[in-house]
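Engineer: next comes the sequence, and after it the predicted model I'd like to discuss.
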Amino acid sequence: MAEIYKNFNAADDIIVGDVQVVSSPLWSENINPLSGGYAAGIGFFTSSTQQTVAGTYYTDVYHRNPSTATNAAVQFAITYGNKNGSGSVGDPNTVGQNANDTPTRAVYSQYRNLLLPPTDLAFTFTSGQTTATPDDIFVININRARYRQKIDPGNWEIRMSSGSGALSQSAASYLTFCDDSGANTDPTIGSAGRIFNIKSGSAGITTGSQVYGLFYPDAGVLVFNATLLSSSLGMVPVTEFNRTATSNTVKNAVSLFSRISASSYFAARSEEKVNSTHYFVRITNKQFNFSNNPTFVTGSNGSFVYSSMLRNPSVYVTSIGMYDDQNRLLAVAKLSQPLLKTFNREVLVKVKLDY
């Protein structure tokens, strides 16, 4: 009977502990940046169905039009939160009275519980010696399916159209934001992992000291100071204090979406640490020169189909099976092409197992 199994020598044949950092485009279809100018049919789209079901809480953003494209997928969500419950769509005369039950309060509480320590009751943004604790926040939450382990710090950039006039993609009419990871080698570590500041800038290079928000790469979340961001973009969030009958249906998340979609640029990459174990499969000249395949022999006496195989067998290695101690097949490594194996040839194959 042909040899089937061979045990690994743990000291010589197995190398563990190999860790590699893999970075790849964040968006669906390996798009980067997400932009209306990237390819036909690609850009920033929302769904009327989602707006009807959960639009008062958040707005999903797709890379293709969900009403026409079957492969449209959610890339990220935009939401607006207010710790006092202000800014929710509803009757302007009753929003303040029901602030504890409003979507904006629920959103603020959700991200506060997710991202802040239990003792912190509000998001704090520190620019030099100046500290701001606004009542409201804008949040961009990257869809979990888009990234592997985390968002790659320093490798994202978003543009938002600014000014009170017509929204435009002109470089003079948008603001660009990125994180300060390039200048911050010792980030703050919080309940949700690392925390970097969001500042104006591009290509991972920030400008100025003004902090517009907080970036949580391990949670895939960008939290903006809504008061500062709105002022810088020339937009005014609708709250219970300025809501009127004509603005009663205005959703703040949709307002920010219009600023992002108008500038039409959001570049980002995901980051993943891949652990690898290398197995060296060594087949010496006297090993695995025959086969257990029934077609290898013929007749009741087990004669070789080809007589030349008797003293000079030639077989081909096409795959390698990885078994546990109970001889249960766990994995199969396929070779790119068959390798000839004879008594005059030895084979060395390295199998890389990523996890």
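Structural biologist: Yep, it's here.

Engineer: how many neighbouring residues does D120 have?
Structural biologist: 13 (other CB atoms under 10 Å). (Each C-beta comes from the backbone N, C-alpha and C, glycine too.)

Engineer: I'd like the mean pLDDT over stretch 293-300, please.
Structural biologist: For stretch 293-300, the mean pLDDT works out to 73.

Engineer: whoops, stretch 76-94 was the one
Structural biologist: pLDDT averaged over stretch 76-94 gives 80.

Engineer: that one: how far from the chain's middle?
Structural biologist: 27 Å (CA atoms, centre = their mean, to the nearest Å).

Engineer: and what of stretch 283-290?
Structural biologist: How far stretch 283-290 lies from its chain's middle: 45 Å, per CA atoms, centre = their mean.

Engineer: what's the first-to-last distance across it?
Structural biologist: 13 Å (CA to CA, to the nearest Å).

Engineer: that stretch: which residues count as buried?
Structural biologist: By neighbour count on 16 or more other CB atoms under 10 Å, the buried set for stretch 283-290 is 283, 288-290.

Engineer: any low-confidence regions in the stretch 201-350 of the chain?
Structural biologist: Within the stretch 201-350 of the chain, the segments meeting pLDDT under 70 span 240-248, 299-302, 306-308.

Engineer: tell me where it has strands.
Structural biologist: In the stretch 201-350 of the chain, the strands defined using DSSP state E, counting those that start in this stretch lie at 205-207, 213-216, 221-225, 266-267, 269-283, 297-298, 303-304, 315-323, 329-341, 347-354.

Engineer: closest to I15 out of the ones you listed?
Structural biologist: Counting by CB to CB, I15 lies closest to strand 269-283 out of the strands of the stretch 201-350 of the chain; the figure is 4.3 Å.

Engineer: other SSEs contacting the closest one?
Structural biologist: helix 10-13, strand 14-25, strand 150-151, strand 315-323, strand 347-354 (3 or more CB pairs under 8 Å, 6 or more residues apart in numbering; DSSP states H and E).

Engineer: okay, those, which one's buried deepest?
Structural biologist: strand 150-151 (a mean of 22; mean count of other CB atoms under 10 Å).

Engineer: beyond that strand, next helix or strand please.
Structural biologist: Using DSSP states H and E, the helix or strand that follows strand 150-151 in sequence is strand 157-161.

Engineer: so what touches that following strand?
Structural biologist: Applying CB atoms under 8 Å, 6 or more residues apart in numbering, the contact partners of strand 157-161 are 33, 140, 167-169, 173-178, 202-204, 222, 229, 233, 256, 258-260, 262-268.

Engineer: angle of it against strand 221-225?
Structural biologist: 40 degrees (axes from the mean of the first three to the mean of the last three CA atoms, to 10 degrees).

Engineer: what's next to the next helix or strand after strand 157-161, contact-wise?
Structural biologist: Using DSSP H and E, the helix or strand that follows strand 157-161 towards the C-terminus is strand 174-179. Residues from elsewhere that reach strand 174-179 (CB under 8 Å, 6+ apart): 153-154, 156-162, 168, 196-206, 212-213, 215, 217, 232-233, 262-263.
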